[in-house]
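*Asks:* For reference, the sequence and a predicted model appear below.
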Amino acid sequence: MLFLCFKGVHTSMSYFKNFAFLLILTMYTFSLMGQAVDCVRTAILSNGAYEMEGTAYLERSDDESFSLRLGSDFLTQSGPDVQIFLSNDSTSTAGGIMLADIGTTDGLSHFSGEISFIINDKISISQYNFVVFRCVTFDAFWGGGRLGIPSCEDPVIGGGGGMDTTTQNLCTETIVATTDWASEITICTSDGEDDIIELINSGGISAGDRYAYIFADANNNIRFLHFEDSFNFEGSSQESEYIFGVSYRGTLSYNIGDPINSILSDSCAIISSLTTFLTVKKENCSTDFECQESITATTNWATEVHICPSDGIADVIPLINNQFVEPGEHYSYLITDTLNRLIAVHNTSSFDFENSGSDPNRVFGISFAGTLNYTLGDPIANITADSCFILSGDALFLTVYKDSCETSSSTFSISGKIASRNGGDIQGAEVRLNNGMKTVTDASGNYTISGLAGNVSYNVKAYYNDGPANGISSTDLVLTARHILSFITFTDPYQLMAADVNNNGSISASDLVQMKRVLLGLSSTFSNNLSWRFIDASQDLTTVGVIPDEMITVQLDKDVSDINFIGVKIGDVNDNARLDLRE
């Protein structure tokens, strides 16, 4: 508004622009230095389809910004497309927001240790109740955890306009668990057998006129209060139960459906720990099989594989599905041609494609109950079953390509060069192939990977994610701020990529904040970005709408020597980063 008001005053315009620029840059700096976390929700992470452990923290700063931080104890298995969401469903992302991609394909490849992600969406501290990790491509729940009640909400509640210290000391802080102090238990609630769970608390207080157990839903709202030291869950709903406790004196007052911290007493009441509580998960024990949608793939979730089907050597391909259902009574793999016509129904977890002809095959799956009804040669869409049946998705499936079986003792190499956007040689950058082979660039920025089999497709990527502060100075902050304020305009696509520190497709004050945090040593990584990005040097990024390629695919039938990349140091908008990455 200041610039609009004074736009007509030509003699003062330069003064006001410079003053505003310095003022805004100073405000960014001081707001960053003064940031403090004023409210936290904590989630204890646990397994989904894969093992996961550690702690996640949803943090609100005093400037109303939010971030999700994975603690130093975070650990899970690596995967190709693992993304992190905030959601109100313990395993689904429906209605939630995506925070980051930590997968190995196009993500940060971060599966252990501390890292923070700035949340750009406008949210509130209580809007979401679960941290959910999912492998999105294969629709698999990786793991996650339930967020506790915000630390800024006081769990100690008294009635009658307040309580004195003597009365308060009659109530005790506790932690709720079950036998052997387990904080999570899974039961079967529909098998006709009692599911009596013992309820205990760290204060050793018997339930009754001094202690009650609070049964809450996923949104921390009261379902009911229980005044006994055990509960029979048989016949209860399939929804998980979250059990807290309240140590109290006098008479409790509460409303079903209200938050658990709304419980009042005419004397004293202290809600149990909001981060450590008892979770009771329910399994469906019905004997009726429920058919499920699925996606098929092979090892490491690959959906394409190349074989030589006529060399006399077995081509046994492992078969997997994202529901992890073993083939047999309720699941079969369907081998088809490229027109989805049925060639074989297969009931084991691998198939030998040796001598299967030269045409590609597709592999689908079918979840079913009863007896499958099918005719070989017919489209798989004609398959039925006596009970339920669901074919796997027709948009993502396993394709088996048949390559030439000509034998050759020759091997080939892939080589190239990695340079900065101004032509400087980058030494010490890692170059990786999808077969696991890798090397680093030499003093001239060159690399070579030799001994590669021919007639094979290789994916080539460059990688380096250390030294985030390399090349970042106050000059980069000033240039970026001037671009934001339209004093100057970045036109070089690599310079624009360097300034987009949070990798959200635009340049804003949040990029300045991350650059400043790294420069001051307050952060050791960029949120949602790597320290260096390496782009296919042959790609023309000046074309509108072009997405930078960070992976080059090579079909190798000879030595290839021009697989070159341009390295972009994130945050280094004036391109003066140190190029010897070994230091």
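*Replies:* Cool, got the structure. Fair warning: this is a prediction, and the values are worked out from it, not measured in the lab.

*Asks:* okay, CA-based contacts and neighbour counts for the rest of this
*Replies:* Noted.

*Asks:* where do the helices sit along the stretch 51-200 of the chain?
*Replies:* Applying DSSP state H, counting those that start in this stretch to the stretch 51-200 of the chain gives helices spanning 165-168.

*Asks:* Low-confidence stretches in it?
*Replies:* Scanning the stretch 51-200 of the chain for pLDDT under 70 picks out 153-169.

*Asks:* if we go to 80?
*Replies:* For the stretch 51-200 of the chain, applying pLDDT under 80 flags the ranges 148-149, 151-170, 189-192.

*Asks:* now the strands for it?
*Replies:* Using DSSP state E, counting those that start in this stretch, the strands of the stretch 51-200 of the chain run over 52-61, 66-70, 75-76, 82-87, 97-101, 115-119, 130-135, 140-146, 156-157, 176-177, 184-188, 196-198, 200-201.

*Asks:* Residue 562: neighbour count?
*Replies:* 12 (other Cα atoms under 10 Å).

*Asks:* doesn't residue 446 make contact with it?
*Replies:* No. Using Cα atoms under 8 Å, residue 562 and residue 446 do not qualify as a contacting pair, with a distance of 10.3 Å.

*Asks:* partner residues bridging residue 420?
*Replies:* Here residue 420 shows beta-bridge partners residue 567, assigned using DSSP bridges.

*Asks:* Now do the SS call for residue 483.
*Replies:* The local conformation at residue 483, judged by DSSP: H, G, I helix; E, B strand; the rest coil, is helix.

*Asks:* Test my guess that it contacts residue 489.
*Replies:* Yes. Contact status for residue 483 versus residue 489: in contact at 5.2 Å, counting by Cα under 8 Å.

*Asks:* More neighbours: which of the two?
*Replies:* residue 483 (17 against 13).

*Asks:* For that one, list the residues it contacts.
*Replies:* When contacts are counted by Cα atoms under 8 Å, 6 or more residues apart in numbering, residue 483 is found next to 489, 490.

*Asks:* just use 24 as the starting number from now, easier for me
*Replies:* With 24 as the first residue, the last one maps to residue 506.

*Asks:* Distance of it relative to residue 555?
*Replies:* Here residue 506 is placed at a distance of 21 Å from residue 555 (Cα to Cα, to the nearest Å).

*Asks:* end-to-end on stretch 151-170?
*Replies:* OK, stretch 151-170 end separation, Cα to Cα: 8 Å.

*Asks:* and for residue 585 and residue 469, which residues touch both?
*Replies:* The contact lists of residue 585 and residue 469 share 438, 439, 440, where a contact means Cα under 8 Å, 6+ apart.

*Asks:* do you know how far the first one is from residue 454?
*Replies:* For residue 438, the distance to residue 454 under the criterion Cα to Cα works out to 10 Å.

*Asks:* Look at the two and report which has more neighbours.
*Replies:* Counted by other Cα under 10 Å, residue 438 and residue 454 do not tie: residue 454 has more neighbours, with 22 against 17.

*Asks:* Can you check the pLDDT for that one?
*Replies:* Predicted confidence (pLDDT) for residue 454: 95.

*Asks:* elements contacting the strand or helix carrying it?
*Replies:* Residue 454 is part of strand 453-456 when elements are defined by DSSP states H and E. In terms of contacts (3 or more Cα pairs under 8 Å, 6 or more residues apart in numbering; DSSP states H and E), strand 453-456 is packed against strand 461-463, strand 479-486.

*Asks:* Would you mind writing the CA trace of it as CSV?
*Replies:* Output in CSV follows, covering the C-alpha atoms of strand 453-456 (Å, rounded to 0.1, in the frame of the first residue of the first chain):
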residue,chain,number,x,y,z
GLU,A,453,27.5,-38.8,-6.5
VAL,A,454,26.1,-40.4,-9.7
ARG,A,455,23.7,-43.4,-9.2
LEU,A,456,22.2,-46.0,-11.4
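
*Asks:* List the strands paired with that strand, with their directions.
*Replies:* Assessed with DSSP bridges, strand 453-456 is paired to strand 461-463 (antiparallel), strand 479-486 (antiparallel).

*Asks:* So which residues make contact with stretch 254-268?
*Replies:* Stretch 254-268 is contacted by residues 197-199, 211-222, 224, 234-241, 243, 294-297, 300-307 when judged by Cα under 8 Å, 6+ apart.

*Asks:* let's see it at 6 Å
*Replies:* By Cα atoms under 6 Å, 6 or more residues apart in numbering, the surrounding residues in contact with stretch 254-268 are 199, 212-213, 217-220, 235-239, 294-295, 300-305.

*Asks:* and residue 386, what does it touch?
*Replies:* Contacts for residue 386 (Cα under 6 Å, 6+ apart) come out as 357, 358, 421.

*Asks:* And the second one, how far from residue 479?
*Replies:* This means residue 358. Residue 358 is 24 Å from residue 479, by Cα to Cα.

*Asks:* what about the helices in the stretch 324-473 of the chain?
*Replies:* Under DSSP H, counting those that start in this stretch, the stretch 324-473 of the chain gives no helices.

*Asks:* how about low-confidence regions in it?
*Replies:* Applying pLDDT under 80 to the stretch 324-473 of the chain picks out residues 334, 427-433.

*Asks:* let's go with 90 and repeat that
*Replies:* 324-325, 331-337, 345-348, 381, 409-410, 416-419, 426-434, 458-459 (pLDDT under 90).

*Asks:* pLDDT score assigned to the nearest residue to residue 505 once chain neighbours are set aside?
*Replies:* Leaving aside its chain neighbours, residue 505 sits nearest to residue 511 (5.8 Å; criterion: Cα to Cα, 6 or more residues apart in numbering). Residue 511 is assigned 94 on the pLDDT scale.

*Asks:* Tell me how many other residues crowd residue 511.
*Replies:* 12.

*Asks:* Filter the contacts of stretch 254-268 down to the buried ones.
*Replies:* In those, burial by neighbour count holds for 199, 212-213, 218, 220, 235-239, 294-295, 300-305, counting by 16 or more other Cα atoms under 10 Å.

*Asks:* Out of those, which sit inside helices?
*Replies:* Nothing among the buried ones among the contacts of stretch 254-268 maps onto helices, per DSSP state H.

*Asks:* wait, doesn't residue 461 sit right on residue 454?
*Replies:* Yes. With contact defined as Cα atoms under 6 Å, residue 461 reaches residue 454; the gap is 5.4 Å.

*Asks:* quick revisit: more crowded one of residue 358 and residue 479?
*Replies:* residue 358 (23 against 13).

*Asks:* Beta-bridge partners for the more buried one, please?
*Replies:* Beta-bridge partners of residue 358, as defined by DSSP bridges: residue 367, residue 386.

*Asks:* Contacts only, for it.
*Replies:* 366, 367, 385, 386.

*Asks:* if we take the residues you listed, which one ends up nearest to residue 395?
*Replies:* Nearest to residue 395, judged by Cα to Cα, of the contacts of residue 358 is residue 367 at 12.7 Å.

*Asks:* That closest one and residue 355: what is the separation?
*Replies:* From residue 367 to residue 355 the distance is 10 Å (Cα to Cα).
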